[in-house]
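A.B. asks: Next comes the sequence, and after it the predicted model I'd like to discuss.
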Amino acid sequence: MTVEQRNNGIKDITVLVADEGKVLRRIASDEIMGRELWLGYSHYIGGVRQTPPHLDVQSDFDEVDEPEPEEEVIPEPEEEDIPDGEALRIITGQ
């Protein structure tokens, strides 16, 4: 993981960048945050509201191997037995 300082046009921001083949993970919630993260205030962590908002620091995150993309499984349509008369009605609309 590398730490960079960037300017967003208003102020300098600390940015965490994961190494190749890695992603950043929030330690407190096991939430995958992506390859690059701009540190700032988090109002929710793991679905829990933070009062006051939490100021993120580098030690809140670690690197893990990038997960394999999940294949989308499209189920095969189920075949239905439709009587011939019903099929003709469906096709012709009569």
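C.D. replies: Arrived safely. Numbering: from 1, shown residues only.
A.B. asks: and the residue sitting furthest away from the middle of the chain, what element?
C.D. replies: The centre of the chain is farthest from one residue, residue 85, which by C-alpha atoms, centre = their mean lies 49.2 Å away. Assigned by DSSP states H and E, residue 85 belongs to helix 84-92.
A.B. asks: quick one: contacts of that helix?
C.D. replies: With contacts defined as C-beta atoms under 8 Å, 6 or more residues apart in numbering, helix 84-92 is touched by residue 82. No exception for glycine: its C-beta is placed from N, CA and C like everyone else's.
A.B. asks: I'd like the numbering to begin with 31 instead of 1 from here.
C.D. replies: Okay, residue one is now 31; in that scheme the one you just asked about reads as helix 114-122.
A.B. asks: what's the distance between residue 86 and residue 124?
C.D. replies: According to C-beta to C-beta, to the nearest Å, residue 86 and residue 124 sit 65 Å apart.
A.B. asks: between these two, who's got more neighbours?
C.D. replies: Ranked by neighbour count (other C-beta atoms under 10 Å), residue 86 and residue 124 place residue 86 first, with 19 against 6.
A.B. asks: Nearest spatial neighbour of residue 34, chain-adjacent residues omitted?
C.D. replies: The spatial neighbour of residue 34 that comes closest, neighbours along the chain excluded (C-beta to C-beta, 6 or more residues apart in numbering), is residue 45 at 4.7 Å.
A.B. asks: Surely the one you found is in a helix?
C.D. replies: No - Residue 45: not assigned to a helix; according to DSSP: H, G, I helix; E, B strand; the rest coil it is strand.
A.B. asks: How about the contacts made by it?
C.D. replies: So residue 45 contacts 33, 34, 35, 36, 66, 67, 68, 69 (C-beta under 8 Å, 6+ apart).
A.B. asks: for residue 64, same thing?
C.D. replies: Residue 64 neighbours (C-beta under 8 Å, 6+ apart): 48, 53, 54.
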